[in-house]
Structure formats: C-alpha cells, structure tokens
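Novice: Sequence first, then the predicted structure, then my questions.
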Amino acid sequence: MEAIVLAGGFARRMWPLTKDRPKHLLPVAGRPMLDYVMDKLESASGLNRIFISTNAKFESYFRRYITTRTTEKILSLFIEDARSEHEKLGSVGALAFLIEENNLDDELLVIGGDNIFDFEMNDFLNYFERKQANTIALYDLKSKEKASLYGVVTVDEEGRIIDFKEKPSKPDSTLVSTACYAFTRTGVQNILRYVEEGNDRDKMGHFIEWLYKHDDVFGFIFEGVWFDIGSFEVYGAANKYFNRLADH
C-alpha cells in the first residue's frame, strides 16, 4: 500500500499568514502541522511509500521539510505545476494526476496534511482490510450546524455508507467525513474514471458523493480529537490543545 498526503492548497481563508508560506508547515505546539500526520503514517505497517503532493509555489518549503524527517518509508515529493489558486487542478484532479504520473495501481491511503486526529492508523487500515472495500474515517460532530460545513454521512448497521451529501444546508446526520481515505484498487481506478467523466475536480467530498453510488464505501467511526485546520479558529484550538498536552 502507498500513501498520498494532500498538501497542495493555498489556504486563502488563513491569509495573510499563509500568503507566502504553506499552511501545512505552520507550527502546532512548536512542530510543523504536517508532522502530526506523518507520525501517524510512520506507525502504519504495510505502508511502503509516502508521497507528499504540493504545489510549485511552495516546493522549496517541502523540500526542506522532508530533509528533517527520519523515516523507514520511501518518501517522495510530487509537485503540481501551480503557483496560484486559479492554476490548481483541485484535490481530486491533483490526486488523479499523481496516480497517472506514477502508474499507481496498488491500494491507496489518501490523507489531508491539515487533518490531525488521535486514532491509530493501523486500526483504520485493519478495518479497511476486514471490509475489503473503500473506507473513510468519520467523526460525529454532535451538531447539525457544524456538520453542514462538511460531507455529511449516513451509514447502515454494517458501516456501509448509504447517503453522503457535501455541505448540506439541512444535514440528516451529525456524522461527517474527514480527510482520511483508503481506496481499493478498483477505488483508485474510479478516481481516474471520475475525473475522465468531467466531474468536479476540486473537492474530495464530491468524489465520495459520487463513489458510494458506484462502489462500496464504508465508514470507520472514531472518537477523541480531530482538528481540520482550515481557519484561524481551529488553528488556535489545535495549538491550545497540543501545548496543554506538552505541559503535562
């Protein structure tokens, strides 16, 4: 299995802080945000190679970053030729481009580089192996108002996703999709098919909304901590939480 860390965004919602530096390398309790994701991947057995997918504008930052990582995995940087928001391929577009350029046909773990959680990656991957189906990590926000900002999910008694709506104004559930996905070989081919059919390349949520209608997708529901760092508010909360942990 191989992993792709999505770190290609320009984080306009966090300008001016992220105007000339990548959000994914901002410090959280004194460590680059991306470290928290990379540590989880490092602990994952059966994972051979990690790609960090970013854009040309921030390439030099990530080249410096990977020299700081000591890893037993093969670590590669993949650069999307984009220096501004309007040049981007979008999350799904960049993912499809990476898959094609590297001829990937193995099972694939895809994770957002700004997605900090405290479940064990091996627990997620073991669930994926048991189900033998595409799997996404789900979190219960326990608030429909907050859920409306995410992909809202309904699962059946086996954990299979039976409904997925990207940012609905009136959510049916408080269970939301997080940026952690495991795809079967068929699922990987479906990423390419989705893009080839001319669907929305920008949001992973729109792809999952399409995918569950074409292939089995299961939800791995986790509890504990989750920070989807896309705003100053959540960035501040993550810093507060991890600084407090460090103090203890």
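Specialist: Alright, I've got the coordinates.
Novice: show me where pLDDT drops low in the chain?
Specialist: 82-89, 248 (pLDDT under 70).
Novice: If you count contacts, what does the longest strand belonging to the chain end up packed against?
Specialist: Determined from DSSP state E, the single longest strand within the chain is strand 175-183. In terms of contacts (3 or more Cβ pairs under 8 Å, 6 or more residues apart in numbering; DSSP states H and E), strand 175-183 is packed against strand 108-112, strand 115-117, helix 121-131, strand 134-140, strand 151-155, helix 204-211, strand 226-228. Bear in mind the C-beta positions are built from the backbone N, C-alpha and C, glycine included.
Novice: how about those in JSON lines, adding distance to residue 171 and mean neighbour count?
Specialist: Converted to JSON lines, these look like this (distance: least, Cβ to Cβ, whole Å; neighbours: other Cβ atoms under 10 Å):
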{"stretch": "strand 108-112", "distance to residue 171": "21", "mean neighbour count": "24"}
{"stretch": "strand 115-117", "distance to residue 171": "20", "mean neighbour count": "22"}
{"stretch": "helix 121-131", "distance to residue 171": "24", "mean neighbour count": "17"}
{"stretch": "strand 134-140", "distance to residue 171": "12", "mean neighbour count": "24"}
{"stretch": "strand 151-155", "distance to residue 171": "4", "mean neighbour count": "23"}
{"stretch": "helix 204-211", "distance to residue 171": "13", "mean neighbour count": "22"}
{"stretch": "strand 226-228", "distance to residue 171": "16", "mean neighbour count": "20"}
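Novice: Please dump these into a markdown table; it should also carry distance to residue 198 for every row.
Specialist: Below are those laid out as a markdown table (distance: least, Cβ to Cβ, whole Å):
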| stretch | distance to residue 198 |
| --- | --- |
| strand 108-112 | 21 |
| strand 115-117 | 27 |
| helix 121-131 | 29 |
| strand 134-140 | 21 |
| strand 151-155 | 21 |
| helix 204-211 | 12 |
| strand 226-228 | 28 |
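Novice: what does the longest strand of the chain rub up against?
Specialist: Contacts with strand 175-183, where a contact means Cβ atoms under 8 Å, 6 or more residues apart in numbering, come from 6, 107-112, 114-115, 117, 124-125, 128, 134-141, 147, 150-155, 164, 190-191, 204-205, 208, 219, 221, 226, 228.
Novice: Quick one: distance of the helix or strand following it to the chain centre.
Specialist: For strand 175-183, the following helix or strand on the C-terminal side (DSSP states H and E) is helix 185-196. Put simply, helix 185-196 sits 17 Å off its chain's centre (Cα atoms, centre = their mean, to the nearest Å).
Novice: So which bits of helix 185-196 are buried?
Specialist: 187, 188, 190, 191, 194, 195 (16 or more other Cβ atoms under 10 Å).
Novice: Now do the helix ranked longest in the chain: which elements does it pack against?
Specialist: If you go by DSSP state H, the chain has its longest helix at helix 232-247. Judged by 3+ Cβ pairs under 8 Å, 6+ apart, helix 232-247 is in contact with strand 27-28, strand 226-228.
Novice: In this model residue 156 seems to touch residue 212, though I could be wrong.
Specialist: No - counting by Cβ atoms under 8 Å, residue 212 does not reach residue 156; the two are 11.3 Å apart.
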